[in-house]
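K.L.:
pasting the structure only:
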């Protein structure tokens, strides 16, 4: 079994209030859930109206499949053009009893905040 968890820090430039931010986050989360059928939720920066944090989790049987799927999720969110991904931390772990434990940390985005 392979498990991937990710935390995305995003910036919403068009947001003028917490209500605007929550609308954008709800839209991103629903679209990702509909396309990828994954667990995803707002997990942090709840009181910042231009910044947000989204967490997600994936489970599968192959490391390369899970890595490609995580990359696909990031690309999909970027293609929505609703928010910018400022930073992404994704951890992939293999929990198989037959193979040696596998752990990989991917930092796909690490943009300096403006």
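P.N.:
Thanks, I have the structure now. No experiment lies behind these values; they were computed from the predicted model shown.
K.L.:
tell me where the model's unsure across the chain.
P.N.:
96-114 (pLDDT under 70).
K.L.:
which residues of it fall in strands?
P.N.:
Along the chain, counting by DSSP state E, strands occupy 2-11, 39-44, 51-60, 84-94, 102-110.
K.L.:
ok, residue 90 - how many residues close by?
P.N.:
Residues lying near residue 90 (other C-beta atoms under 10 Å) number 23. No exception for glycine: its C-beta is placed from N, CA and C like everyone else's.
K.L.:
do the same with residue 74
P.N.:
Residues near residue 74, counting by other C-beta under 10 Å, number 18.
K.L.:
again with residue 38
P.N.:
By other C-beta under 10 Å, the residues close to residue 38 number 16.
K.L.:
before we move on, back to that, any chance of CSV for the strands of the chain, columns distance to residue 78?
P.N.:
Formatted as CSV, the strands of the chain follow (distance: least, C-beta to C-beta, whole Å):
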stretch, distance to residue 78
strand 2-11, 10
strand 39-44, 15
strand 51-60, 13
strand 84-94, 6
strand 102-110, 9
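K.L.:
now do the contacts for residue 45.
P.N.:
Counting by C-beta atoms under 8 Å, 6 or more residues apart in numbering, residue 45 touches 9, 51-53.
K.L.:
that one and residue 64, how far apart?
P.N.:
32 Å (C-beta to C-beta, to the nearest Å).
K.L.:
contacting residues around residue 39?
P.N.:
Contacts of residue 39 (C-beta under 8 Å, 6+ apart): 56-57.
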